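for reference, the sequence and a predicted model appear below.
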Amino acid sequence: MASIFNLTPMEVTVTAVIVGLAFGLPLTVDEQNVFGNVLLAAGYVILIIAAQRTLITNAETAAQAAASTQSMQAQIDDLQRQLAAMPEVPEAVN
């Protein structure tokens, strides 16, 4: 069975039209208003959840990048200290 997530945009649109007509036509206008608003509310909840997940994921990625940058900077600082502590090598005479 094909998942709705594997359909093309046109197939999803046609599916939505069929579902909307199948559920909406038998209802009265008042029932259509209630049912449509319930579907919209459910859709908004799904969008809020997705947005919050994206926000959290992006924040975690940024925190990991910052930690990685700090770690690299600490390594650079350590290498610079080691380099500064090394004795100078005399230049070769030709």
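Now that the structure is in, tell me what you want to look at.

ranges for the helices of the protein?
Using DSSP state H, the helices of the chain run over 9-24, 29-85.

which strands and helices lie in contact with the longest one?
The reference is to helix 29-85. Helices and strands touching helix 29-85, by 3 or more Cβ pairs under 8 Å, 6 or more residues apart in numbering; DSSP states H and E, are helix 9-24. C-betas here are computed from N, CA, C, even on glycine.

got a list of contacts for the helix it packs on?
Applying Cβ atoms under 8 Å, 6 or more residues apart in numbering, the contact partners of helix 9-24 are 4, 7, 32, 35-36.

how about these in TSV, adding distance to Val89, neighbour count and pLDDT?
Formatted as TSV, the contacts of helix 9-24 follow (distance: Cβ to Cβ, whole Å; neighbours: other Cβ atoms under 10 Å; pLDDT from 0 to 100):
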residue	distance to Val89	neighbour count	pLDDT
Ile4	69	9	86
Leu7	69	13	93
Gln32	86	15	97
Phe35	83	14	95
Gly36	80	14	95
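
of all those residues, which two lie farthest apart?
Spatial extent of the contacts of helix 9-24 (Cβ to Cβ) is set by the pair Leu7 and Gln32 at 25.3 Å.

rewinding a little: could the helices of the chain go into TSV alongside distance to Glu91?
What follows is these, written out as TSV (distance: least, Cβ to Cβ, whole Å):
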stretch	distance to Glu91
helix 9-24	70
helix 29-85	17
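
residue ranges with poor pLDDT in the protein?
Across the chain, the ranges flagged by pLDDT under 70 are 1-2, 93-94.

mind running it again at 90?
Along the chain, the model assigns pLDDT under 90 to residues 1-4, 86-94.

tell me how far Ala41 lies from Thr61.
Going from Ala41 to Thr61 by Cβ to Cβ, to the nearest Å gives 31 Å.

ugh, wrong one, I meant Thr8
Separation of Thr8 from Thr61 (Cβ to Cβ): 30 Å.

which residues touch the most centrally placed residue in the chain?
Here the mean C-alpha position of the chain is nearest to the C-alpha of Thr54 (Cα atoms, centre = their mean), at a distance of 3.7 Å. Taking Cβ under 8 Å, 6+ apart, we find Thr54 in contact with no residue.

so what's Phe35 closest to, chain neighbours aside?
Leu27 (6.2 Å; Cβ to Cβ, 6 or more residues apart in numbering).
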